[in-house]
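Participant: got a structure for you, letters missing:
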């Protein structure tokens with residue numbers, strides 16, 4: 001198993017558990033001399049093992065069923081439409097991964113207070129002199145400058161943004177950043193960005 005990562009070993013173990021569960025059920029269901037109670041007990045034990053194996057592989061299953069953003073061979077970045085009807089992108093801000101909702105209605109990058117703290121800004125010390133109209137009314141905003149935003153191979157330094165002083169579930173990737181791309185395409189439930 002040399003050269004295998006921890007994730008590879010875990011996947012092999014989970015697949016082994018799942019295989020053992022299937023083989024065990026087959027053995028139990030074709031074993032004529034086992035009593036009905038023992039057979040039911042074995043069935044429930046195998047179902048339990050199968051659920052544990054499926055739970056352990058959930059991140060792989062989710063990535064296959066609902067894939068996230070991709071970097072295409074020609075340098076384009078592609079993201080599928082999320083279940084919530086929005087496009088989501090993850091970018092490294094000051095070296096920290098931040099999940100964004102792509103929002104063409106936002107004029108700038110808008111960070112939640114939580115994401116601002118994660119990327120090295122202190123929301124308690126910011127000057128909230130700006131204001132933004134949202135679906136929930138007016139909120140105060142603090143202008144900031146981000147040292148670096150990295151989206152796949154694309155790196156931008158010294159990017160203007162604001163920190164939202166209200167409640168914000170996701171940070172927003174607004175037009176101030178999207179306008180840096182030469183081409184923005186939304187087609188067939190996919191967002192494609194080309195620099």
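Facilitator: Nice, I can see it. Values in this document were obtained by computation on a predicted structure and should not be read as measured data.

Participant: For residue 191, give me its contacts.
Facilitator: Residue 191 is in contact with 78-81, 87, 89, 102, 184-185, counting by C-beta atoms under 8 Å, 6 or more residues apart in numbering. In short, each C-beta sits where N, CA and C put it, glycine included.

Participant: and with 10 Å instead?
Facilitator: By C-beta atoms under 10 Å, 6 or more residues apart in numbering, the contact list for residue 191 reads 69, 77-81, 86-89, 102, 178, 184-185.

Participant: What subset of those residues is buried?
Facilitator: 69, 77-80, 87-89, 102, 178 (16 or more other C-beta atoms under 10 Å).

Participant: can you give me the helices in this protein?
Facilitator: 6-29, 36-56, 58-65, 113-118, 175-178 (DSSP state H).

Participant: Select from those the stretch with the lowest mean pLDDT.
Facilitator: Among the helices of the chain, helix 58-65 has the lowest mean pLDDT, at a mean of 50.

Participant: Pull the most distant pair out of the buried ones among the contacts of residue 191.
Facilitator: 80 and 178 (17.3 Å; C-beta to C-beta).

Participant: Grab the longest strand from this structure for me.
Facilitator: Across the chain, the longest stretch assigned as strand under DSSP state E is strand 137-151.

Participant: I'd like to know which elements that one is packed against.
Facilitator: strand 88-93, strand 96-102, strand 109-111, helix 113-118, strand 130-134, strand 154-164, helix 175-178 (3 or more C-beta pairs under 10 Å, 6 or more residues apart in numbering; DSSP states H and E).

Participant: Any idea which of those gets closest to residue 9?
Facilitator: strand 96-102 (24.3 Å).
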